[in-house]
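K.L.:
Mind looking at a prediction? Sequence and model below.
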Amino acid sequence: MAKQELDKLTQSYFRTFTVRVEVLPEYLKRKSYSDVIRESQEALELFLKALLRSMGWSPSFSHDPGKELSELKKNIPVEFKEIEDGLIEWSKKLRRERELSYYGAQDFIPSEEYSEKEAKEALFFLEEVSKRLKKYLQK
């Protein structure tokens, strides 16, 4: 499917996604793994909402836009075809972690619960998305 002309909101979402992905390694360096998870969720949510908008879809206010993407798989741009399942899975996974990674709970201290491995996995995936986004935007 051909990319539509991107409106200002879609461009803003893509730009914000890119900046957040660029900042995530600093959290990782500081061993702030819960912040990597939280910021990863927000970045991916913005990316997916921008992607949906670029496909002519008006995304809902859900924090898991991967659900909507799963309904539109046949329309996903070629740059993201190979990782479409990952986009959907990561959206769901990070949505589940959204509040806990930020606020925690009496029995869940965010700074103690997330590992370097989990943070690196999220960052690695988002960096892959970012590479594909650059190709998508250059069309």
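P.N.:
Good, I have the coordinates.
K.L.:
which residues sit against the helix or strand bottoming out on mean pLDDT in the chain?
P.N.:
Across the helices and strands of the chain, mean confidence by mean pLDDT, DSSP states H and E is lowest for helix 66-71: a mean of 92. Helix 66-71 is contacted from outside by 48, 51-52, 57, 59-60, 62, 76, 84, 87-92, 95, using C-beta atoms under 8 Å, 6 or more residues apart in numbering. No exception for glycine: its C-beta is placed from N, CA and C like everyone else's.
K.L.:
Helix or strand next in line after it, which one?
P.N.:
Counting by DSSP states H and E, the next helix or strand C-terminal to helix 66-71 is helix 78-81.
K.L.:
Walking through the chain, point out its strands one by one.
P.N.:
Ranges of strands in the chain, per DSSP state E: none exist.
K.L.:
can you give me the helices in it?
P.N.:
Ranges of helices in the chain, per DSSP state H, are 8-29, 33-54, 66-71, 78-81, 84-102, 110-113, 116-138.
K.L.:
mind putting those helices in CSV, mean neighbour count included?
P.N.:
Formatted as CSV, the helices of the chain follow (neighbours: other C-beta atoms under 10 Å):
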stretch, mean neighbour count
helix 8-29, 16
helix 33-54, 23
helix 66-71, 18
helix 78-81, 15
helix 84-102, 18
helix 110-113, 14
helix 116-138, 16
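K.L.:
With that, I have no additional questions.
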